[in-house]
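Trainee: any chance you can model this:
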Amino acid sequence: MPPSGLKRNSEPVAEAPDEPSESIPEKRCGPGERLPHPLKFLAAATFLALTFLLGFFPLKDTDFWWHLRTGDLIRTEGRVPHKDIYTYTVPNAEWIDLHWGFQVLISLGYQIGGVPLLNLAKAVITTAAVGLLLLGCRRRGWPVWVAVIAWLPGLLVLSGRMYIRPETLSLLCMSVVIWVVFRWLERPRYVWLLPAVFLCWVNIQGLFALGFVILAMGILDAALRPSMWRRDRREWWGRLIAACSLSVIACLINPYGLRGLLFPLSLVGTMGNPVFRTIGELTPIPQFIRSLGIREFPAEITIATLPQAISVSLKSFPAFPLPMKMHLVAMVLGLVSFAFPLLGWALCRVRGRSLAGQADSGTPNADKPSKKSKKTTEPLKSSKLPTAPVNLAPFSPFRAMV
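Mentor: Here you go, the predicted model:
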């Protein structure tokens, strides 16, 4: 009889954070199969190589140049700007430039190796971020090729946004936060990475606020697990609260202090301004589709106009440009990936109630269920959702980037 902490092959096994019924046991290599199948390496390597190659294209983003100029000024003057130095129609307007860290980095990179070096760095950073999501945020027991297929639509959409922009570093920061959230039940010490990540992120771009959204989904996921409210989990919760509190404090360490921390909220308040609709990356999807000549598409998507939007999209789909097709397909796949598990859970609940009703109504043999039927119906009584809020997190970086 082997000890409880060992498998039959005498390999140590980490304790699962939850009940065995709530998690899929991690598959480990036995003594005779120390290395995974070469095809697993090939699938992951091919996907990451594709990510790397998609990042190589000529410089197209014109925002690069004012970011570069600002980085040069910060290095020359030794201070971060607080007043707008570019918009001559609004001289000396307040400017909260949270991009300053990115701007200094590209200024240094441009001085060393020009645009080719920055292009290479951008491809490497994007590949690292995608690789962390692909391999580090994979559900236990899932083959690598399944993860590759699941991430492929998102990669194709992301390929249209692989510019030398602050969002490239934001994608890396988001990937680290998601990885920590996916692993913090079994590796609680990972949460101490969060303050350092947010300290870097707040000095790169205002998208650091999305990191707290991801943390909120992860905390909600943990709170919905009954096993997380046991006494032995108090230390875990204390560590998480401390790490999240330090992350908020870390976001105050920026050239603008509290104003920098609250800057994303002020941006949300200005997004309704019609001027933002003229910016390509902020153009609402309905407005973009109507600009293609498809006037029957509703100007706004609501519950009432959703059927019309779906009908027009299906009819006009061949006329959409390729980026729009990839965007819509990725959105549909993301919706389906959450709708199907919820539908299956609902069907199991309905079936379980139906079987219970048959038993109460005196259906023949209902009072003497066989071992097989008892084994089959027991899982149907579980009310645990098949998907958790944290499972939405890996999809959020690509949705935020496009």
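Trainee: next up, the contacts around the nearest residue to Asn254 once chain neighbours are set aside.
Mentor: Distances taken as Cβ to Cβ, 6 or more residues apart in numbering place Gly260 nearest to Asn254, at 3.9 Å, with adjacent residues excluded. C-beta: built from backbone N, CA, C; applies to glycine. Listed by Cβ atoms under 8 Å, 6 or more residues apart in numbering, the contact partners of Gly260 are Ile96, Leu98, Val202, Cys251, Leu252, Asn254.
Trainee: state the pLDDT value of the first one.
Mentor: pLDDT, the model's per-residue confidence, is 92 for Ile96.
Trainee: and the contacts of Gly260, which is closest to Tyr190?
Mentor: Cys251 (19.1 Å; Cβ to Cβ).
Trainee: run a quick neighbour tally on that closest one.
Mentor: 24 (other Cβ atoms under 10 Å).
Trainee: please apply the same query to Lys83.
Mentor: 10.
Trainee: what does Phe47 give?
Mentor: 23.
Trainee: with adjacent residues omitted, what lies nearest to it?
Mentor: Once flanking residues are discounted, Phe47 sits nearest to Val148: 4.8 Å by Cβ to Cβ, 6+ apart.
Trainee: wait, is Ile253 part of a strand?
Mentor: No: counting by DSSP: H, G, I helix; E, B strand; the rest coil, Ile253 falls outside a strand, being coil.
Trainee: Leu246 versus that one, what's the distance?
Mentor: Per Cβ to Cβ, to the nearest Å, Ile253 is found 11 Å from Leu246.
Trainee: in CSV, list the C-alpha atoms belonging to the one helix or strand Trp66 maps to.
Mentor: Trp66 belongs to helix 63-77 when assigned by DSSP states H and E. In CSV, the C-alpha atoms belonging to helix 63-77 read as follows (Å, rounded to 0.1, in the frame of the first residue of the first chain):
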residue,chain,number,x,y,z
ASP,A,63,1.1,56.8,-33.4
PHE,A,64,4.6,55.3,-33.0
TRP,A,65,6.3,58.5,-33.9
TRP,A,66,4.7,60.7,-31.3
HIS,A,67,5.4,58.0,-28.7
LEU,A,68,9.0,58.0,-29.8
ARG,A,69,9.3,61.7,-29.7
THR,A,70,7.8,61.9,-26.2
GLY,A,71,10.2,59.2,-25.0
ASP,A,72,13.1,61.2,-26.4
LEU,A,73,11.9,64.3,-24.6
ILE,A,74,11.5,62.4,-21.3
ARG,A,75,15.1,61.1,-21.6
THR,A,76,16.4,64.6,-22.5
GLU,A,77,14.5,66.6,-19.9
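Trainee: packing partners of that helix?
Mentor: Secondary-structure packing of helix 63-77 (3 or more Cβ pairs under 8 Å, 6 or more residues apart in numbering; DSSP states H and E): helix 100-131.
Trainee: just give me how far the helix or strand just after the helix it packs on sits from the chain centre.
Mentor: Using DSSP H and E, the next helix or strand after helix 100-131 towards the C-terminus is helix 144-158. Put simply, helix 144-158 sits 13 Å off its chain's centre (Cα atoms, centre = their mean, to the nearest Å).
Trainee: now for helix 144-158, which elements pack on it?
Mentor: Counting by 3+ Cβ pairs under 8 Å, 6+ apart, helix 144-158 packs on helix 38-54, helix 100-131, helix 322-360, helix 396-401.
Trainee: and the average pLDDT for the longest one is what?
Mentor: In this model, helix 322-360 carries a mean pLDDT of 66.
Trainee: next one: the last one
Mentor: Rounded to a whole number, the mean pLDDT of helix 396-401 is 45.
Trainee: likewise the first one?
Mentor: For helix 38-54, mean pLDDT rounds to 88.
Trainee: other residues contacting it?
Mentor: For helix 38-54, the surrounding residues in contact (Cβ under 8 Å, 6+ apart) are 123-124, 126-127, 130-131, 134-135, 143-145, 148, 151-152, 155, 158-159, 162.
Trainee: in ChimeraX, how would I select the buried members of those residues?
Mentor: A single ChimeraX command selects the buried members of the contacts of helix 38-54 (16 or more other Cβ atoms under 10 Å):
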select :123,126,127,130,131,134,144,148,151,155,158,159,162
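Trainee: Leu333 contacts Pro153, doesn't it?
Mentor: Yes: with contact defined as Cβ atoms under 8 Å, Leu333 reaches Pro153; the gap is 5.2 Å.
Trainee: the two: which is more packed in?
Mentor: More crowded of Leu333 and Pro153, by other Cβ under 10 Å: Pro153, with 19 against 14.
Trainee: residues contacting Ser189?
Mentor: Quick fix: residue 189 reads Arg, not Ser. If a contact means Cβ under 8 Å, 6+ apart, then Arg189 has no contacts.
Trainee: pLDDT score for it?
Mentor: At Arg189, the pLDDT value in this model is 93.
Trainee: what do you get for the one 5 residues further on?
Mentor: According to the per-residue confidence, Leu194 scores 96 in pLDDT.
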